[in-house]
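> A predicted structure for the sequence below; I have some questions about it.
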Amino acid sequence: MHLGWTPASPARHIARVSFFLALLAGWLTGAPSWAGTIRDIDVQSNRIVVKFDDRVAQASSFLLAGPNRIALDLIGAKPGARADAAGPVQAVRQAARDEGARVVFDLARPAIVTGGRFSADGTALTLELRTVDDARFARAAAEGRMSFLPPFSFARASTRHSYSVSVPVPPRPAAYRMPRIYGDDDDRPLVVIDAGHGGHDPGAISAAGLQEKELTLKVAKAIRDELAGSGRVRVALTREDDRYLLHRDRFEIARKLGAALFISVHCDAAHNEAASGATVYTLSEVASDKEAARLAARENKSDILSGVDLAAQNRDVSSILIDLTQRETMNASAKFARLLGREAQGLIPVRENYHRMASLLVLKAPDVPSILFETGYISNEKDAALLNSAEGRRRIAEGVSRAVAIHFATRMAAR
């Protein structure tokens, strides 16, 4: 039937209808059109704030040495306003790239990006800076990119057309139980081993179907047996079966038990199947500062921090105590991370740049030295086979046991 609006040519009709359907699909789904131009770059002594006239799709930063620079790639952005140098930055340069823009901050002295975040509307990006020495800058430059995503928004979607999607949400985990402690000598330091994931959360899954939650539990038990058998420390596991624990519950178990060390066991995964080796993570300073602010602002300050009752202190004293305790905790965590990487070498594959820092919730106990141990890549066939073998887990446990023995011997000698 000819309705009048249909062109006589079928080809022209198909082309127009296809264009209309594509336009309608974008309108209904609210697909974003990223095209933000840089309108201001505010360089300060401890941060850089980049503002745009519209949302951008994504940002990432990395460090370059010789000369020292901070590079900021902005996907879906256009170069714009000029910027004045300040603080550690001596010059700012911009250039267009295939998918956006690159901003380069030439440094007068070494400084690293410790974190970044977009504003709620996605039109401003704040990078936190920290001045460091040349050695720390070189290590940070080797760690690769930090990526930042703006909050997603359906603001551009039509309000006249709405839809909903229902997905099953797992029930809230039951309140955790305090675990059994292996070892009878209360004078021995307590090490809490946390098997990552569990329950409804399988973690990473290998090509052969191995689940991270199963491997982490097997590795955690192997570490428990090795440490308990040494007689040097007491040991507890956050979970001994297939159950899920909230991240905060995991380190709260360690805190309530008065643990001297917390080790969260995981398996890494990557799209690159050749990626291999163990990595040790500790908490980044940015995450620690946020946690310190949250802890200090709590209405109920009756928490006990390293034996000090915060409720008995005024606000300024509490903040100082929290800061001092966290700094000591982070230093102890970093020392143990380097020690573990060193002792594991020769027993299992270890990445060259094995100590890394990240904002991981499970590491946020303010008064318990904590590390996250990525024992290998479940996405790598050899690593997965090692993790799934009794001999491989024995090697991992031996490396941990060596590091733990040296860690506590060193701390005892320093007292």
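Great, that's in hand.
> Spell out which helix or strand contains V265, please.
V265 is located in strand 261-268, with elements delineated by DSSP states H and E.
> in its sheet, what does the helix or strand just after that strand sit against?
Remark: after strand 261-268, the chain's next helix or strand is strand 278-283, criterion DSSP H and E. Strand 278-283 has the following strand partners under DSSP bridges: strand 350-358 (parallel), strand 370-377 (antiparallel).
> Give me the contacts around strand 278-283.
268, 330, 333-334, 337-338, 340-341, 344, 348-351, 354-360, 363-364, 370-376, 396 (Cβ atoms under 8 Å, 6 or more residues apart in numbering). Bear in mind the C-beta positions are built from the backbone N, C-alpha and C, glycine included.
> any chance of the strands paired with strand 278-283 in TSV, plus mean neighbour count, distance to V92 and mean pLDDT?
Converted to TSV, these look like this (neighbours: other Cβ atoms under 10 Å; distance: least, Cβ to Cβ, whole Å; pLDDT from 0 to 100):
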stretch	mean neighbour count	distance to V92	mean pLDDT
strand 350-358	17	26	88
strand 370-377	27	36	95
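> Could you double-check that Q90 sits in contact with D106?
Yes - applying Cβ atoms under 8 Å as the test, Q90 and D106 come out as touching, 5.3 Å apart.
> where does the stretch 251-400 of the chain dip in pLDDT?
For the stretch 251-400 of the chain, applying pLDDT under 70 flags the ranges 285-326.
> who does the strand holding V265 touch, helix- and strand-wise?
Judged by 3 or more Cβ pairs under 8 Å, 6 or more residues apart in numbering; DSSP states H and E, strand 261-268 is in contact with strand 190-195, helix 212-230, helix 247-256, strand 370-377, helix 390-414.
> just the angle between that strand and helix 390-414, please?
150 degrees (axes from the mean of the first three to the mean of the last three Cα atoms, to 10 degrees).
> Which residue ranges of this structure form helices?
10-29, 134-142, 212-230, 247-256, 285-297, 315-344, 381-387, 390-414 (DSSP state H).
> Can you pull out the residues in contact with the second one?
Put plainly, it is helix 134-142. Contacts of helix 134-142 (Cβ under 8 Å, 6+ apart): 62-65, 68, 110-112, 132, 353.
> what is the mean pLDDT for it?
Averaged over helix 134-142, pLDDT sits at 85.
> mind listing what's buried in it?
Across helix 134-142, burial judged by 16 or more other Cβ atoms under 10 Å covers 137, 139-141.
> If I look at the closest residue to F105 other than its chain neighbours, what pLDDT would I see?
Nearest in space to F105, with sequence neighbours left out and distances taken as Cβ to Cβ, 6 or more residues apart in numbering, is I70 at 4.3 Å. Note on I70: pLDDT of 94.
> Ok, H13 next?
Predicted confidence (pLDDT) for H13: 48.
> still on that earlier bit, what separates the strand holding V265 from the chain centre, distance-wise?
Computed by Cα atoms, centre = their mean, to the nearest Å, the chain-centroid distance of strand 261-268 equals 13 Å.
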